[in-house]
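Undergrad: model the following, please.
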Amino acid sequence: MNEGADDTSNFELPSQNRHSTWFVRLMREPLLHFLLLGGLLFALYGYVSGSQGEVADEQAIVVPAGKIEHLVALFTRTWQRPPTREELNGLVDDYVREEAAYREGLALGLDRNDTIIRRRIRQKLDFVAQDIADALEPTDEELAEYLNEHQASYRVEPRLSFRQVFFDPAKHGDDLESVVSDLAATLQGDPSIDPQEQGDRTLLGFRYEDVSQREISNLFGQEFTEALMELESGIWTAPVRSAFGVHAAIVDQFQAGKRAQLDDVRAAVVRDWMQTQREALAEQFYQGLLEKYEVVVDWPPFAVEQP
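TA: Here you go, the predicted model:
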């Protein structure tokens, strides 16, 4: 024992920076992911089977101090106070009853072919893979690469400020387009005319400030949005058709769409990168599990006959 202590005292620890760099590189190794998943699964199995400090004897139900502390913490979180001695005894007694019932249920095979239990166990395994992914910290280089590969999902949309005057097709019949076109020409030639006093009643707004292409499309429809994007700023134009009717419209300000920069969409890229890692780790994990088994599917006749 003394020799081991002497050897340890002579061991030189690396610097903080080197240690951090080594740790980050290690955490990115796929092999480590498998090892961690395996270790966590083993720990999970030990927890479920009551191996955390409990006696392996199936005839003994041991309630360790850690379990009692956990019961107290759950009670305190729920009721905002610690349990009384009587309540604590009740918590322990209920745990013992639950453990006894659980063991007896396993002995009777009640866990077999139970859809709820199967789904719950799979969910716990999914959580294991998710915890591994959540421990990863992406670098700026990884985020930039992810952004570049999925640029279409983060592209900054065009934004517009515009005004519109609405005309109801039911009120103008065949004269609709000429009426709207005449108004657009009048508004363009005489700035003293108030556009808000023109057109037909509607619940639509007259002025829209700094709205995105998607927001315009959601409100007015795709046809109106596409036409609006083609308008020259500062000129009243008509007719512009929408899902509601026909409009005279003018674009006051137009900001073109652009390629997203990482600093502008970092939070969204990190979120999506993490989700991608979770899915990839889950797939690796299940592929590793399936390698342990020979999968035989006994297809019924009707399924075999289907193309």
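Undergrad: pull the residues that contact whatever helix or strand residue 187 lives in.
TA: Following DSSP states H and E, one finds residue 187 within helix 176-189. With Cβ atoms under 8 Å, 6 or more residues apart in numbering as the test, helix 176-189 has contacts from 165, 167, 169, 172, 193, 195, 198-199, 235-239, 246-248, 250. C-betas here are computed from N, CA, C, even on glycine.
Undergrad: let's see that with 6 Å instead.
TA: With Cβ atoms under 6 Å, 6 or more residues apart in numbering as the contact definition, helix 176-189 has outside contacts at 167, 169, 172, 193, 195, 198, 236, 237, 238, 239, 246, 248.
Undergrad: out of the residues you listed, which sit inside helices?
TA: Those of the contacts of helix 176-189 mapping onto helices are 169, 172, per DSSP state H.
Undergrad: now the two most distant members of the contacts of helix 176-189.
TA: Largest separation among those by Cβ to Cβ: 169 and 193, giving 22.9 Å.
Undergrad: how far away from the center of its chain is the helix holding residue 187?
TA: 48 Å (Cα atoms, centre = their mean, to the nearest Å).
Undergrad: which pLDDT value goes with residue 55?
TA: pLDDT for residue 55: 40.
Undergrad: before we move on, what about residue 247?
TA: For residue 247, the predicted pLDDT is 96.
Undergrad: quick check: it touching residue 162?
TA: No. Using Cβ atoms under 6 Å as the test, residue 247 is too far from residue 162 to be in contact (9.8 Å).
Undergrad: give me the more crowded residue out of those two.
TA: Taking other Cβ atoms under 10 Å, residue 247 and residue 162 do not tie; residue 247 has more neighbours (27 against 21).
Undergrad: what sits against the more buried one?
TA: 164, 166, 240.
Undergrad: what's the angle between the helix or strand hosting the first one and helix 176-189?
TA: Spelled out, that is residue 164. Using DSSP H and E, the element containing residue 164 is strand 159-167. Here the directions of strand 159-167 and helix 176-189 differ by 120 degrees (axes from the mean of the first three to the mean of the last three Cα atoms, to 10 degrees).
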